[in-house]
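Enquirer: kindly return the folded structure for what I paste below:
(chains A, B and C)
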Amino acid sequence: MVDKKAKTPALVRLFRDQTFRRGVIAILAFVVLWEIGSQFKSWFGVMVPFIGKIAPPTAVAVSWVEVGQWPGYWQSWYLSTGRVFLGFTVAMIIGIPFGLAMAVNKYFRGMFFPPFEILRPIPPLAWVPASIIFWPTTELSIMFVTFLGAFYTIVINVLGGARSIDIQYLRAAQSMGATQWDLFRKIILPGTLPSIFIGAAVGMGITWEVVLAGEMISGGGQQGGGGLGFFIWSSYMGGVMDQVVVGMISIGLAGYISSSLIRYIGHLSMPWRRMF
Amino acid sequence: MSNQSVGGVAPSGFRLMLLRSARALRTPMPYLAFIGIGLWLGIYFLFNEYWKLFPFYKIPGPVEVVTEWVSRDPIWGTSLFTEDYYRNIWVSCRRIGIAFALATGLGVPLGLFMGWSQKFKDYTFPVLETLRPIPILAWVPLAIVMFAGFETPIIYLATLASFFVTALNTMLGVESIDESYFRAAGCLGSKKHHVFFHVVVPGALPFIFTGLQISIGVAWFSLVAAEMISGDYGLGYMIMDSYMVNKYTTMVMAMLTLGFVGWTTSAMVRVAGNRMMQYRQKALGQGGV
Amino acid sequence: MTANPNSHSGNSRGAISIRNVSKVYDPGGVNVRAVDDCSLEIAGGEVCMIVGPSGCGKTTLLNAIAGFHSISEGQIDLDGEMLCGPSKPLADQGADRVVVFQNGALFPWKTLAENVAYGPVVQGVMNKNEAREKSIHMLDEAGLSGVADKYPGEVSSGMARRAEIVRALINDPKVLLLDEPYRAMDALTKSIMHESLLEVYDRTKVTIFFITHDLEEAIFLGDRVIVMTTRPAKTKKIVDVKISRPRDYRLLSSEEFRVLVEETKEAVHEEAVKAFEAGERELA
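Expert: As a prediction, this is how the structure comes out:
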């Protein structure tokens, strides 16, 4: 059976798959409807509500080609990605140990979980102004809010994951003479890994959302300027709607690539659990 | 009835609550929580208000915020006793209400059909998945252009955010239903609509409510962002506005209020879910106490 | 259609005729023959026990009768009418053949009484009130009077399984299809379940198609025990259980019972070894 599969190229197999073909049709239909909806006024003189005001995909494509030649556009990618990466990394570095500590020690959990839960319902974006006041630079304040966005999700997932580990594993290890450190290193950590990666994938989505908002709200002043959020906002202010759509697609793409990357790393680091 | 045979009358309602809280007081947990929150407030007070450390002093401390909050004559013009405060809460809640209702009304049926019919899923899911990675905030300019005024774009953004979550979770919920329930329904003589209303809908309900709890959180998230960027009234606007005019005490007040209101709404969704899924509560109760 | 001479009942409803049935699965381009040229005549009112190693295709046969899966070759008739055959590989699902599932499939979101009343209501043969009355009456008969308004999650697995059989019986089915229904139960509960099933059978004389791993269960309950080979499934041995009904647990320690178990055990063990060595995972 193995060699039989190897003979058909991956692409051919993909197109034989009905679900894939239907997906392609659906997305093509979506783009065509969008084009018709946006162009309706110029073709037939009647404005389609809502869609009629959006730039058509052809205009967006043309604009993208043009924008792709500006260094500023790529600079935006670079700036946003950098912020996401930093905020996210810090959230992982602080969030994972914090969540694990809460999971393994019930006194620690009893003490720190309540204040965490009191602060958690405040949406990260509500922190933007306070963060701008608090941190000396806009850059730092955007990063802080980014960190918050990912932090809550990661902690909650780590805590939930570590607590859901079957107690039998721990008992089995103890009966074989494992030390506390062994238990932590060999059971709790790998047992929590799937939840860490789920939390990270969700957290990554939130991080992009927050970075964008931070860039839009802080107006990307002189200090922390730029970024894809600022790109969208300044395009909007300049009235260039096809560029706004380019920005939207770019940031969607960036978010999608980062989440896929996390899933891929998860796939590599958890050979016993190819779940993604 | 069988409860009685097990061990007297099982306590319920208020009595059960008393029993549980009495039991909880015998564990260290409530005291630890008290210490934890105390510690946090203490640090907040000392850093921001007492020692006035840099840069903490820039954010108003707890005493200042609470004093302002309960003051009949607030220095910065907003407190529990001003009409303005409730007006902002009301505006945000109304927007959330509308957005959440719209998202649920559209998302749940869409998710149910996607989970139920492979063909329907094949044609709709890819489009949904293409749009979903675009952060809600990136829609702000488009929303402003597409819809006139303040109100509609804000509601549209909150709806969009919560719609994706609801639809996706509902779909996963239907897919999580054990095949044997469909088979059982089939061999008991069900027609398609029976399967839909007696298996698909109740079977997906636990996932739907998990989704709704997330979705209301996401709705608040987007609402606040939208209100901050382009709003008049609402808690997000209150935060942004008080920041702009340097009323930082009011700003912190608005943040805390937002947390409280957001928490209340998601608790409401949870309670509604438990009400609608009595069978799960009962099965859990059997395993618990 | 030849009636089985060993059948202990005069019931003519629910005769199943399986002729030359084969089923080929095609997961990822690999042809797996789950059932190969299997023929079996089950008389109306017979308790037919199917025994065989895990994953040998017993469930495939049941799924074909119930209409969950299509067959690749052959034909299955119920009372002389074709369920599935060359022109129609997938049987219609219907309340004349009700399945009791391996892990139980009472709807957890309905009370036991609602579960039992479900069939007649959706088929439109009773209105809600009639169905409720009848279901409460039938649950009473099955010794479940106190728990009619409880949810399946609140009662023991034994009670739930009994209620599931009541849910099947209320439809007055021609055939009851049981797919290892007592698999996960402890021996004591199991023996209670066996007696209650025997009691139900003596009352209704419904045809029973019962899949199991448990040889003693098979001989205790059945009129005939069909031992299947490992994949692809064929009938390897048919054991007639000529033990009079009504039966009860005393039978388990009788000489004739033990002789039958011995006689069957060898055939089953041989297949179990083959299946184990093949080491294949169970197919759906």
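Enquirer: how's the chain carved up into domains?
Expert: Just going to use chain A. For chain A, automatic domain parsing gives the domain ranges A:2-54, A:61-269.
Enquirer: think we crossed wires, I meant chain C
Expert: Following automatic domain parsing, chain C resolves into domains at C:1-96+C:175-284, C:106-172.
Enquirer: I'd like the mean pLDDT over the last one, please.
Expert: In this model, domain C:106-172 has an average pLDDT of 91.
Enquirer: is chain B within reach of that domain?
Expert: Yes: against chain B, domain C:106-172 shows contacts by Cβ under 8 Å from any Cβ of the partner chain at C:106-111, C:118-119, C:122-123, C:146-147, C:150-154, C:167, C:171. Any C-beta I mention is one placed from the backbone N, CA and C, and that applies to glycine too.
Enquirer: which ones among the residues you listed lie within helices?
Expert: Counting by DSSP state H, the residues of domain C:106-172 next to chain B place C:Tyr118, C:Gly119, C:Val122, C:Gln123, C:Arg167 in helices.
Enquirer: quick check: the third one touching B:Ser190?
Expert: Yes: applying Cβ atoms under 8 Å, one finds C:Val122 in contact with B:Ser190, separated by 4.8 Å.
Enquirer: so which bits of the helix or strand hosting C:Val268 are buried?
Expert: Using DSSP states H and E, C:Val268 sits in helix C:255-278. By neighbour count with 16 or more other Cβ atoms under 10 Å in any protein chain shown, helix C:255-278 contains the buried residues C:Phe257, C:Leu260, C:Val261, C:Thr264, C:Ala267, C:Val268, C:Glu270, C:Glu271, C:Ala272, C:Ala275.
Enquirer: could you turn the buried ones of the residues of domain C:106-172 next to chain B into a PyMOL selection?
Expert: If you want just the buried ones from the residues of domain C:106-172 next to chain B in PyMOL, going by 16+ other Cβ under 10 Å, the selection is:
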select buried, chain C and resi 106+107+108+109+110+111+118+119+122+123+147+150+151+152+153+154+167+171
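Enquirer: that older thread, if I look at C:Val122 and B:Ser190, which residues touch both of them?
Expert: Jointly contacting C:Val122 and B:Ser190 under the rule Cβ atoms under 8 Å, 6 or more residues apart in numbering or on different chains are B:His198.
Enquirer: that older thread, just say which of the domains of chain C is most tucked in.
Expert: Comparing the domains of chain C by mean neighbour count (mean count of other Cβ atoms under 10 Å in any protein chain shown), domain C:106-172 comes out on top with a mean of 20.
Enquirer: can you pull out the low-pLDDT segments for the stretch 101-250 of chain B?
Expert: Judged against pLDDT under 70, the stretch 101-250 of chain B has no low-scoring part.
Enquirer: spell out which parts of it neighbour chain A.
Expert: Residues of the stretch 101-250 of chain B lying near chain A by Cβ under 8 Å from any Cβ: B:118-119, B:122-127, B:130-131, B:133-142, B:144-147, B:217, B:220-221, B:224-225, B:228-229, B:235-236, B:239-240, B:243, B:248.
Enquirer: retrieve the pLDDT associated with B:Gly287.
Expert: pLDDT recorded at B:Gly287 is 45.
Enquirer: same deal with A:Arg163?
Expert: Looking at A:Arg163, its pLDDT reads 82.
Enquirer: near chain C, which residues of the stretch 101-250 of chain B?
Expert: Residues of the stretch 101-250 of chain B lying close to chain C (Cβ under 8 Å from any Cβ) are B:178, B:180-181, B:183-191, B:194, B:198-199, B:202-203, B:205.
Enquirer: give me the buried entries from these.
Expert: B:180-181, B:183-190, B:194, B:198-199, B:202-203, B:205.
Enquirer: which ones among these lie within helices?
Expert: Of these, the ones assigned to helices by DSSP H are B:Ser180, B:Tyr181, B:Arg183, B:Ala184, B:Ala185, B:Gly186, B:Cys187, B:His194, B:Pro202, B:Gly203, B:Leu205.
Enquirer: a markdown table please, covering those and showing distance to A:Ala150.
Expert: Formatted as a markdown table, these follow (distance: Cβ to Cβ, whole Å):
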| residue | distance to A:Ala150 |
| --- | --- |
| B:Ser180 | 40 |
| B:Tyr181 | 38 |
| B:Arg183 | 43 |
| B:Ala184 | 43 |
| B:Ala185 | 43 |
| B:Gly186 | 45 |
| B:Cys187 | 48 |
| B:His194 | 45 |
| B:Pro202 | 35 |
| B:Gly203 | 33 |
| B:Leu205 | 30 |
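Enquirer: roughly how far apart are the nearest residue to B:Asn48 once chain neighbours are set aside and B:Ser79?
Expert: Spatial nearest neighbour of B:Asn48, excluding adjacent residues (Cβ to Cβ, 6 or more residues apart in numbering or on different chains): B:Gly61 at 3.8 Å. Separation of B:Gly61 from B:Ser79 (Cβ to Cβ, to the nearest Å): 17 Å.
Enquirer: quick one: the helices in the stretch 1-150 of chain B?
Expert: Applying DSSP state H, counting those that start in this stretch to the stretch 1-150 of chain B gives helices spanning B:2-7, B:13-25, B:29-45, B:62-69, B:83-116, B:118-131, B:140-146.
Enquirer: same question but for chain A, I mixed them up
Expert: Using DSSP H, helices in chain A cover A:2-7, A:10-16, A:18-44, A:57-67, A:71-104, A:106-119, A:128-134, A:138-163, A:167-175, A:180-182, A:189-217, A:228-237, A:241-269.
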